[in-house]
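Colleague: Quick check, what structure comes out for this input:
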Amino acid sequence: MSSKALVITPTYNEKENIANMIHAIMGLEEPFDLLVVDDGSPDGTAHIVKELQNQYLERLFLLEREGKLGLGTAYVAGFQWGLEKNYEYFLEIDADFSHNPQDLVRLLRTCRDEGYDVSVGSRYITGVNVVNWPMSRVLLSYFASVYVRFITGMQLRDATAGFVCYRDTVLKKILQEPIKFIGYAFQIEMKFKAWKYGFKIKEIPIIFTDRTAGSSKMSKGIIKEAILGVIRMKIASWFKKWK
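Modeller: Numbers count the residues shown, from 1 in each chain. Okay, here's the model as predicted:
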């Protein structure tokens, strides 16, 4: 293991983006390792990763799964893989360049150097920093975070963010119990549990740029899971001891 920090990116049909994303992360000033969790992409995403593993020996890894099993389960599988290998910091990033790989450095340093347990790349901490989204998508995302704050009491401005760094101690605590959500609500559940357990969370401003290649994985089912799931999650939290 060449790094204490593991970047995890789930993929499904990301052949247009994955090679460029790998090169970008491998070229950063911090020595990140990268784990690609591919859900059986029929477009050959995993094959591209395998070819590049020869170029980035002991830094680029691939976890292949059969079928499209959901974002949340992909990250949990990646977390468990990394915990078994004793990584200390775990960073989530989308493979489509909607998150700027350069910001991984800021996320890591916020946890490692400033003493936070979770750092969140936030689209809304300094206004609305979203590029190339239609207004309907901006409003949906923004008010989703307002809704989450209202229901949960958690004061994060961007609770649905998928650009996050966790210390290993956070994941070891949270993953003692099953994660219930598999779609984008997974991101809310992870932050909510970290907050309830008393871990220190900091949001740092980023600019989110919508994908220019490939297709979005958002669906009505994912949105429904988030809306109803947040209420169930809050109610369930009343009957749990958070230590």
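Colleague: tell me which residues in stretch 40-53 are buried?
Modeller: Of the residues in stretch 40-53, those buried by neighbour count under the rule 16 or more other CB atoms under 10 Å are Ser41, Thr45, Ala46, Ile48, Val49, Leu52. C-beta here means a position set from N, CA and C on the backbone, and glycine is covered the same way.
Colleague: of these, closest to Ala24?
Modeller: For these, the residue nearest Ala24 by CB to CB is Leu52; the value is 12.1 Å.
Colleague: Can you list the residue ranges for strands in this protein?
Modeller: Along the chain, the stretches classed as strands by DSSP state E are 5-11, 33-38, 60-64, 89-92, 118-122, 130-131, 164-167, 201-205, 208-209.
Colleague: Can you give the distance of the longest one from its chain's centre?
Modeller: Distance of strand 5-11 from the chain centroid (CA atoms, centre = their mean, to the nearest Å) equals 8 Å.
Colleague: The worst-scoring helix or strand of the chain on mean pLDDT pairs with which strands?
Modeller: Every helix and strand in the chain was compared by mean pLDDT, DSSP states H and E; the lowest is strand 130-131, with a mean of 72. Each strand paired with strand 130-131, and its direction, by DSSP bridges: strand 208-209 (parallel).
Colleague: To Val146, which of the strands of the chain lies closest?
Modeller: Each of those was checked against Val146 via CB to CB, and the shortest separation belongs to strand 118-122, namely 13.6 Å.
Colleague: quick one: low-confidence ranges for this structure?
Modeller: Low-confidence segments of the chain, defined by pLDDT under 70: 1-2, 127, 129, 132-133, 211-223.
Colleague: buried residues in stretch 53-71?
Modeller: Within stretch 53-71, the residues that count as buried by 16+ other CB under 10 Å are Tyr56, Arg59, Leu60, Phe61, Leu62, Leu63, Arg65, Leu69, Gly70, Leu71.
Colleague: any chance of the residues you listed in JSON lines, with distance to Asp96 too?
Modeller: Compiled in JSON lines, the buried residues of stretch 53-71 are given as follows (distance: CB to CB, whole Å):
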{"residue": "Tyr56", "distance to Asp96": "20"}
{"residue": "Arg59", "distance to Asp96": "21"}
{"residue": "Leu60", "distance to Asp96": "18"}
{"residue": "Phe61", "distance to Asp96": "20"}
{"residue": "Leu62", "distance to Asp96": "18"}
{"residue": "Leu63", "distance to Asp96": "19"}
{"residue": "Arg65", "distance to Asp96": "19"}
{"residue": "Leu69", "distance to Asp96": "19"}
{"residue": "Gly70", "distance to Asp96": "17"}
{"residue": "Leu71", "distance to Asp96": "13"}
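Colleague: Specify which member of those is nearest to Arg232.
Modeller: Set against Arg232, the nearest of these by CB to CB is Gly70 (17.4 Å).
Colleague: want to try TSV for the strands of the chain, with distance to Trp81 as columns?
Modeller: Listed next are the strands of the chain as TSV, based on distance: least, CB to CB, whole Å:
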stretch	distance to Trp81
strand 5-11	8
strand 33-38	6
strand 60-64	6
strand 89-92	10
strand 118-122	20
strand 130-131	31
strand 164-167	14
strand 201-205	24
strand 208-209	27
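Colleague: Nearest to Arg137, out of the ones you listed?
Modeller: When the strands of the chain are compared (using CB to CB), the closest one is strand 130-131, at 8.1 Å.
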